[in-house]
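Participant: take a look and give me a structure for this.
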Amino acid sequence: MAAVSLPPLNRKQHAGHFMFCLRGLAEKFTEVDTSRVTLAFYCLSGLDLLGALGSKTTEEDRTTWREWIWRQQLSGKYGAGFRPGPSLAIPSVVNDYDQPHLINTYTAILSLCILRDDLTRLDRQGIISFLRSTQQDDGSFTPIPNWGEADVRLVYCAFIIAFLLQDWSGIDVEKSLRFIRSCRTYEGGYGQGPNQEAQGGTTYCSVAVLALAPAQHQPALSSDEKEATVRWLLQCQTGGFQGRTEKTQDACYSFWCGAAIEVLGAGSLVDVNANAAFLGDCQFRFGGIAKFPNETPDPFHTYMALASLSLYPPSPSEDSSELRSWQFGKMDALVNAQEKTAEWAIANVPTSNDIPTM
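Facilitator: Alright, predicted model coming up:
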């Protein structure tokens, strides 16, 4: 592994970027207004990775964010979960347009864990019913019941929710595992669905699903399959990582590909210095990390870049305060959260329904 000269990681500015986005999004983010719960997760988890949640936020901030997330929890004929944000709320009306969303239910639960909420308001049984209502006949999941793309990303979200709840009764696990296996490509990666091109993000979701599944379902890859998947993921590293064969490297794939490699137990094979050098070039001087160098930063790529660096901190040839700025607490690649938060979530997400019967 070649020695590398790195600029400082602009930790203070990156924390400021997250805080700015938590307090109000710029006009350019209008198109993702319907994913505000997940955007909040990127910001909160990014602050958590940087160890800045306590220093950059007040208890009033954290209470406000907790209550805002709880206002997105709703229940209906398909079960309970969290909507993507208040712009989709239709007050006092039970209808098919204001429904829980699978991705945002996952990120809402993790955000509440980051904020160390007591989770007594979590409608556990309603969420299990919601998982059941979103699973399709082929084992995939849709984001809301009866609507939307059904692919491996949603399978991961359903599995991590069941894993945290320690209750798999809302999922036909065997069907989902068959679906995941059908998405495997000749290269060793996984596509969004059967007969689709392998991608870094969908490969992460697929190997994570296999790792999360209860052991009695025998989800593990064979040694040959594992070797092929690791080889394809490593071939995606060209400094940073590209998401698909022959595509441009992109900051978010430093996490997707890197985390998949970590889940498969092959993290020692990643060129951590080359990855850090690419991500350093993607930094914006006033805070945030972009997908490419000289592009505009956003919370998603900033979080994913920091998550990758948490898994793969560089190994500089000399010690200095600048280089030490690249070192921070490790994350849990499977749960997609800072390691201590993942441990807290596993220990504290309710394993029985604490919602009173009305």
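Participant: which residues touch residue 63?
Facilitator: For residue 63, the contact set (Cβ atoms under 8 Å, 6 or more residues apart in numbering) is empty. Every C-beta, even on glycine, is put in place using the N, C-alpha and C of the backbone.
Participant: my guess is it is in a strand, correct?
Facilitator: No: looking at residue 63 with DSSP: H, G, I helix; E, B strand; the rest coil, it is helix, so not inside a strand.
Participant: what about stretch 214-221, distance to the chain center?
Facilitator: 22 Å (Cα atoms, centre = their mean, to the nearest Å).
Participant: what's the end-to-end length of that stretch?
Facilitator: 14 Å (Cα to Cα, to the nearest Å).
Participant: can you tell me what sits against that stretch?
Facilitator: 168, 173, 174, 177, 207, 209, 210, 211, 213, 229, 264.
Participant: number of residues surrounding residue 249?
Facilitator: 23 (other Cβ atoms under 10 Å).
Participant: and the closest residue to it other than its chain neighbours, what does it touch?
Facilitator: Counting by Cβ to Cβ, 6 or more residues apart in numbering, residue 249 lies nearest to residue 240, which is 3.9 Å off, once chain neighbours are set aside. Applying Cβ under 8 Å, 6+ apart, we find residue 240 in contact with 249, 250, 251, 253, 254, 274, 275, 278, 279, 282.
Participant: most surrounded residue in those?
Facilitator: Counting by other Cβ under 10 Å, top hit in these: residue 254 with 32 neighbours.
Participant: my read: that one touches residue 308, true?
Facilitator: Yes: using Cβ atoms under 8 Å, residue 254 is in contact with residue 308, at 3.7 Å.
Participant: what do the two both touch?
Facilitator: If you check residue 254 and residue 308 against Cβ under 8 Å, 6+ apart, the residues they both contact are 275, 279.
Participant: ok, which pair from the contacts of stretch 214-221 is furthest apart?
Facilitator: Pairwise distances across the contacts of stretch 214-221 (Cβ to Cβ) peak at 24.3 Å, for the pair 168 and 229.
Participant: more crowded one of the two?
Facilitator: Counted by other Cβ under 10 Å, residue 168 and residue 229 do not tie: residue 229 has more neighbours, with 26 against 18.
Participant: the more buried one touches residue 207, doesn't it?
Facilitator: Yes: the pair residue 229 / residue 207 is scored as a contact, 6.6 Å apart, by Cβ under 8 Å.
Participant: so residue 70 versus residue 37, what's the distance?
Facilitator: The gap separating residue 70 from residue 37 is 11 Å, by Cβ to Cβ, to the nearest Å.
Participant: cool, residue 281 as well?
Facilitator: From residue 281 to residue 37 the distance is 31 Å (Cβ to Cβ).
Participant: which one's more surrounded, these two?
Facilitator: residue 37 (23 against 17).
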